[in-house]
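[1] Just to be clear, the model below is a prediction. Sequence and coordinates:
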Amino acid sequence: MAKKGQQTEWGKYEETVEKFIQVIAKNMSLYGVTPSIGRLYGVLYFADEPMTLDEMRDALAMSKTSMSTGVRALSDMKMVEPAFKRGVRKDLYKSEEDWYKSFTTLFGSRWRHHTETNIEEAEETIAKLEKIAEESEDEELQERVLADIERLRYAKNYYRWLMEFIRVVESGEIFQYVPKIDQHEDD
């Protein structure tokens, strides 16, 4: 009879962990990560040992190709890393357990690219608008263009500030202002 009780306890445990893995998968969409890749990360995070692609496939009922693509994406984001285990010839992977490191890497790479693009676009738009204002004799249009140029300069200043913020996050300097929570602290 004790075995049935243990099975129920293990079932509750697995259900509880699975719910949290779903939360991880859902929240990773904020960083442009698909739910399936988020679930993959969650499974690796809760795994006691590094896993092979076959083990991941079995755990998630996904194709080996999908697992490989997911692992590559997570690896590019520095959220998964290769692991070694004596006697195992297949590639093994484990999750990066330092979520602070994962966040700073992922945040920096995602935001830097978009922010740099926005700065370039603002500069190009300013140059084009200045040319329009120069070539036009329509005073109303010139006034409108100058007002838009000011808006774009404001946007550019914001993007420069954002680039500084990204630098502070990427460098880890952010933790001087918002310290990491010690893993042994309770709520």
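    Alright, I've got the coordinates. As the structure is a prediction and not an experimental result, all values here were calculated from the model.
[2] how about the residue lying farthest from the centre of the chain, secondary structure?
    What lies farthest from the middle of the chain is Glu137; by CA atoms, centre = their mean that is 48.7 Å. At Glu137 the chain is in coil, as set by DSSP: H, G, I helix; E, B strand; the rest coil.
[3] how about the helices in the protein?
    Ranges of helices in the chain, per DSSP state H, are 2-28, 35-46, 53-60, 64-76, 99-135, 139-171, 174-177.
[4] any idea how the protein splits into domains?
    2-97, 100-174 (automatic domain parsing).
[5] Tell me which of those lies nearest to Ile181.
    The closest approach between Ile181 and any of these, judged by CB to CB, belongs to domain 100-174 at 9.2 Å. For the C-beta atoms, the positions are set from N, CA and C on the backbone; glycine is no exception.
[6] What mean pLDDT does the closest one get?
    Averaged across domain 100-174, pLDDT comes to 94.
[7] Same list (the domains of the chain) but as TSV, adding distance to Asp182.
    Compiled in TSV, the domains of the chain are given as follows (distance: least, CB to CB, whole Å):
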stretch	distance to Asp182
domain 2-97	15
domain 100-174	12
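[8] buried sites along stretch 42-60?
    42-45, 50-53, 55-57, 59-60 (16 or more other CB atoms under 10 Å).
[9] Also stretch 121-137?
    Ala122, Thr125, Ile126, Leu129, Ile132, Ala133.
[10] My understanding was that the third one contacts Glu150; is that so?
    In this case it means Ile126. No: Ile126 lies out of contact with Glu150 (CB atoms under 8 Å); the separation is 9.8 Å.
[11] quick revisit: and of the buried residues of stretch 42-60, the nearest to Gln7?
    Ala59 (19.1 Å).
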